[in-house]
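> sequence first, then the predicted structure:
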Number of protein chains: 2
Amino acid sequence: MTRRYFEDFAVGQVFAADEDYEITPERIHAFAAEYDPQPIHLDPDVAAREMFGGIIASGWHSLSVTMRLVVHSNIFGGAPVVGVGVDNLRYLEPIRPGDRLRAQAEVIGVRPSRSHPDRGYLTLRITTTRQGNEPVLTQEWTVLVPTR
Amino acid sequence: MTRRYFEDFAVGQVFAADEDYEITPERIHAFAAEYDPQPIHLDPDVAAREMFGGIIASGWHSLSVTMRLVVHSNIFGGAPVVGVGVDNLRYLEPIRPGDRLRAQAEVIGVRPSRSHPDRGYLTLRITTTRQGNEPVLTQEWTVLVPTR
């Protein structure tokens, strides 16, 4: 893999892994048991009586799967993804057992550092979809990228 | 547990679990292997040559642990935490093996829904610290809360 540097990026580029990730009941349970131990993720009887009418995945599970898919897109050619911040994250739809997630990263901003000539910042619009087309989660990442 | 409703919240309230969560090497590896498979989280030799000089935890790992700690704070008295969005998330420091995380949620905004009288929205300032006092991660959540 060839690393990509700040100079290699431009607004409008899109990166996506050609794969999806199935949110199985077992994966929902394993994630939630450790990181989001609420009955809407763990107990079908309780979840049926709550707002979503059944088990849904933790939002943090969907976000973590999104990270996996962005890493697999190879956006930085193997260089680390160095997150600075996340803005405008919106949960659009509850994620349910059997949903198959995909993710893409679109470059929407490119900004050299004023104080450090060895780096710049990208703004990435991250969109997570299910079943190939329905957006379920959107967010904007600011990432630090070394210059060449 | 007694559920808390929208009317039970006011700006300035703070909720926190009286516990911490250790980011052990094993936990860093297990999370990253599934959700953030990058060498800076998985391979000590590669990580030593990269920006942070050693293994660090995935940002999404620290965020997921923060969710666990907020759930354990019992902020909603057992009612579901229904996230609408996240804003102003900032990674302040890399999280390293052995760090012990804590989290607190402060109510910084309270807004009834204009269109749906059965609900309102809270803005929560979430602060994650390590070793009891150093902030490592901050974010603001918008959550939906039913009215009484």
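Structure received. It should be emphasised that the depicted structure is a prediction, and the values quoted were computed from it without experimental measurement.

> so A:V82 makes contact with A:W141?
No - judged on Cβ atoms under 8 Å, A:V82 makes no contact with A:W141 at a distance of 10.2 Å. All C-beta atoms are positioned from the backbone trio N, CA, C, and that covers glycine.

> measure the nearest residue in space to A:R119 that is not next to it in sequence to B:T2 for me?
Distances taken as Cβ to Cβ, 6 or more residues apart in numbering or on different chains put A:S113 closest to A:R119, at 4.9 Å, once the chain neighbours are dropped. From A:S113 over to B:T2 the distance is 50 Å, taken as Cβ to Cβ, to the nearest Å.

> compare neighbour counts for these two and give me the winner.
In this view A:S113 and B:T2 are compared by other Cβ atoms under 10 Å in any protein chain shown, and A:S113 has more residues nearby, 14 against 9.

> that one against A:T142, yeah?
No - A:S113 is beyond contact range of A:T142, at 11.8 Å (criterion: Cβ under 8 Å).

> for the residue lying closest to A:H61 once chain neighbours are set aside, helix, strand, or coil?
Nearest non-adjacent residue to A:H61, counting by Cβ to Cβ, 6+ apart: A:F31, 4.2 Å away. Using DSSP: H, G, I helix; E, B strand; the rest coil, the structure places A:F31 in helix.

> OK, contacts around A:F31?
A:F31 is in contact with A:H41, A:A57, A:S58, A:W60, A:H61, A:S64, B:S64, counting by Cβ atoms under 8 Å, 6 or more residues apart in numbering or on different chains.

> tell me which other helices or strands the lengthiest helix in chain A touches.
Scanning chain A for the helix with the most residues, using DSSP state H, yields helix A:59-72. The elements that helix A:59-72 packs onto, with contact taken as 3 or more Cβ pairs under 8 Å, 6 or more residues apart in numbering or on different chains; DSSP states H and E, are strand A:21-22, helix A:25-35, strand A:100-112, strand A:119-130, strand A:134-146, helix B:25-35, helix B:59-72.

> so how far is the shortest one from its chain's centroid?
It stands for strand A:21-22. 13 Å (Cα atoms, centre = their mean, to the nearest Å).

> and what of the fourth one?
On the basis of Cα atoms, centre = their mean, strand A:119-130 is displaced by 9 Å from the centre of the chain it belongs to.

> try the third one
The gap between where strand A:100-112 is centred and where its chain is centred comes out at 9 Å by Cα atoms, centre = their mean.

> strand partners of that strand, parallel vs antiparallel please.
Using DSSP bridges, strand A:100-112 pairs in its sheet with strand A:14-16 (antiparallel), strand A:21-22 (antiparallel), strand A:119-130 (antiparallel).

> got the angle between the last one and helix A:59-72?
Spelled out, that is strand A:119-130. On the basis of axes from the mean of the first three to the mean of the last three Cα atoms, to 10 degrees, strand A:119-130 is oriented at 120 degrees to helix A:59-72.

> before we move on, back to that, biggest separation within the contacts of A:F31, which pair?
A:H41 and A:S64 (13.4 Å; Cβ to Cβ).

> I'd say A:T24 and A:P97 touch.
Yes - assessed by Cβ under 8 Å, A:T24 is found in contact with A:P97 at 6.6 Å.

> between those two, who's got more neighbours?
A:P97 (17 against 14).

> if I look at the more buried one, how far off is B:M67?
Using Cβ to Cβ, we find A:P97 at a distance of 19 Å from B:M67.

> likewise for A:Q13?
For A:Q13, the distance to B:M67 equals 31 Å [Cβ to Cβ].

> spit out the contact partners of the most centrally placed residue in chain A.
The centre of chain A sits closest to A:T66, judged by Cα atoms, centre = their mean, with a distance of 2.9 Å. Contact partners of A:T66, counting by Cβ under 8 Å, 6+ apart, are A:L101, A:A103, A:I126, A:T128, A:L137.

> could you export the residues you listed to JSON lines, including columns for neighbour count and distance to A:E7?
Formatted as JSON lines, those follow (neighbours: other Cβ atoms under 10 Å in any protein chain shown; distance: Cβ to Cβ, whole Å):
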{"residue": "A:L101", "neighbour count": "23", "distance to A:E7": "31"}
{"residue": "A:A103", "neighbour count": "27", "distance to A:E7": "25"}
{"residue": "A:I126", "neighbour count": "20", "distance to A:E7": "22"}
{"residue": "A:T128", "neighbour count": "24", "distance to A:E7": "28"}
{"residue": "A:L137", "neighbour count": "22", "distance to A:E7": "30"}
